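In: output the structure for:
(4 chains)
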There are 2 protein chains.
Amino acid sequence: MTSGLDLVVNLSEFTYKQRKEIYGEKEPAAYVYQVTKGAVRTYKLLSDGRRQIGAFHLAGDIFGLENGETHRFTAEAVVDTTVRLIRRESLENAANKDAVVFLDLLSKTTRNLEQVENHLLLLGRKTSLERVAAFLLEMDQRSAAAGVLSLPMSRRDIADYLGLTMETVSRSVSRLRQAGVLDFIGNTHREIVIHDRRQLAGFD
Amino acid sequence: MTSGLDLVVNLSEFTYKQRKEIYGEKEPAAYVYQVTKGAVRTYKLLSDGRRQIGAFHLAGDIFGLENGETHRFTAEAVVDTTVRLIRRESLENAANKDAVVFLDLLSKTTRNLEQVENHLLLLGRKTSLERVAAFLLEMDQRSAAAGVLSLPMSRRDIADYLGLTMETVSRSVSRLRQAGVLDFIGNTHREIVIHDRRQLAGFD
DNA sequence: CGCGGCGTTGACGATGGTCAATTTTCGTGG
DNA sequence: CCACGAAAATTGACCATCGTCAACGCCGCG
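Out: Have a look, this model is predicted:
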């Protein structure tokens, strides 16, 4: 699938080690990023350290696309991650010359908005079990192999995405496991098989 | 302040009575709206009736601007409300002819995104008192007369915006009142004076 | 007046958070 | 390969915040 961003000339790649910051909230937005390999979390912090993760970005995803001058989240590598870099300036030039690029920019922003709006409903009104079920379904849809997920992020990351604590996430996963809708693969607790997607959707 | 949307020819106005639906979620988006007078709430529902209000739109605000074909929220008049209507089609025509309109579209979408992203942090990580304080500060900033607000929406509406119940909203307002940061004016409980904006911000 | 809607307040309960112990996994170095 | 220590995940006990349910008050309106 090609898109407007692909039309922009772009040569640089960069690799960030696990936990390294890619950019900070309120920093000037010099680049737009696309994940080549790995995973990125974008988040906001309160002064006392409470964290809200806005999104996880996996291979192929674009992040750091701002229309203002500064980034509105901090971005960090969840695991060792490679990103393609696109200069903001060159993107703006391309958008001015080519309406397709511009349209694509608007469309990507809108898709982003849509996803965030759905997350509002989750954070404002869903129970812990519903949140975790929705998260697993989301990850399942985004992963290559349906029914089998390999989560790059920790329980704490998931918790901060879902507005919960890691203990509550853990308990919810355990409940789903006991209910027979999913199971762990191998010895990690980050590799999951979903036995019954219907049933999982029933919890959401 | 003029903007791209003002360049679009637009003649029709319409008035909705309190509680009347302006459009429903997933309906085709035929129009974009601007509030002339009154207030509008946009929300999503879960199947069991739980409601999450995404935003309140006051005089001057634009809502219903979608880039897909359908509305992503239901919109309803909070009080008797007059809106200006802009045909989606005519907006698209204008955007194709005039880059300024197009840029404005993107900028409005981004501002919308920014606001929703901040609401994520509120819903995911703030306490009830922090939420109510943030809400009152938001309304204060958006209202004409600083320090004095006249809320068009009920406690239940506020609750569904903040991811709380109306009882918790009521209790939080009471606590702020007892703490001396605000007070009611007259006999209604929707007219509020903020005595100490600094102190209120301290709760957020 | 009395009725209805809205808001407040109180008592109680449940969901999810906190704190802590235990288990499992993983990375490092012999 | 195994051993050790650190980090992550799970689990349990207890607690706090917020939700539920209900009573009451206030105001507006017939």
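In: separation between A:Tyr33 and DNA strand C?
Out: Computed as Cβ to the nearest atom of the strand, to the nearest Å, the A:Tyr33 to DNA strand C distance reads 25 Å. Where C-beta positions appear, they are placed from N, C-alpha and C, glycine not excepted.
In: quick one, what contacts the most centrally placed residue in chain A?
Out: Centroid-nearest residue in chain A, with Cα atoms, centre = their mean: A:Phe56, separated by 1.5 Å. Residues near A:Phe56 by Cβ atoms under 8 Å, 6 or more residues apart in numbering or on different chains: A:Ala39, A:Val40, A:Arg41, A:Val78, A:Met153, A:Asp157, A:Tyr161.
In: check contacts around the fourth one.
Out: So that's A:Val78. So A:Val78 contacts A:Gln18, A:Gly38, A:Ala39, A:Val40, A:Arg41, A:Phe56, A:Pro152, A:Met153, A:Asp157 (Cβ under 8 Å, 6+ apart).
In: restricted to helices, list the residues you listed.
Out: Cross-referencing those against helices under DSSP state H gives A:Asp157.
In: make a markdown table from the contacts of A:Val78 and add pLDDT and distance to A:Thr82 to it.
Out: Compiled in a markdown table, the contacts of A:Val78 are given as follows (pLDDT from 0 to 100; distance: Cβ to Cβ, whole Å):
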| residue | pLDDT | distance to A:Thr82 |
| --- | --- | --- |
| A:Gln18 | 95 | 12 |
| A:Gly38 | 96 | 6 |
| A:Ala39 | 98 | 11 |
| A:Val40 | 98 | 11 |
| A:Arg41 | 98 | 16 |
| A:Phe56 | 98 | 16 |
| A:Pro152 | 97 | 13 |
| A:Met153 | 98 | 17 |
| A:Asp157 | 98 | 19 |
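In: show the buried residues in the contacts of A:Val78.
Out: With burial judged by 16 or more other Cβ atoms under 10 Å in any protein chain shown, the buried subset of those is A:Gly38, A:Ala39, A:Val40, A:Arg41, A:Phe56, A:Pro152, A:Met153, A:Asp157.
In: okay, buried residues for the helix or strand bottoming out on mean pLDDT in chain A please.
Out: Scoring the helices and strands of chain A by mean pLDDT, DSSP states H and E places helix A:88-97 at the bottom, with a mean of 92. By 16+ other Cβ under 10 Å, the buried positions in helix A:88-97 come out as A:Arg88, A:Leu91, A:Ala94, A:Ala95.
In: is chain B contacted by the longest helix along chain A?
Out: Across chain A, the helix with the greatest residue count (assigned by DSSP H) is helix A:99-125. Yes: against chain B, helix A:99-125 shows contacts by Cβ under 8 Å from any Cβ of the partner chain at A:102, A:105-107, A:109-110, A:112-114, A:116-121, A:123-125.
In: list only those of these flagged as buried.
Out: Buried among the residues of helix A:99-125 next to chain B by 16+ other Cβ under 10 Å: A:102, A:105-106, A:109-110, A:112-113, A:116-117, A:119-121, A:123-125.
In: residue boundaries of the strands in chain A?
Out: With strands called from DSSP state E, chain A shows them at A:13-16, A:21-23, A:31-37, A:39-45, A:51-58, A:62-63, A:74-77, A:81-87, A:148-150, A:182-184, A:191-194.
In: tell me how confident the model is about the third one, as a mean pLDDT.
Out: What that stands for is strand A:31-37. For strand A:31-37, mean pLDDT rounds to 95.
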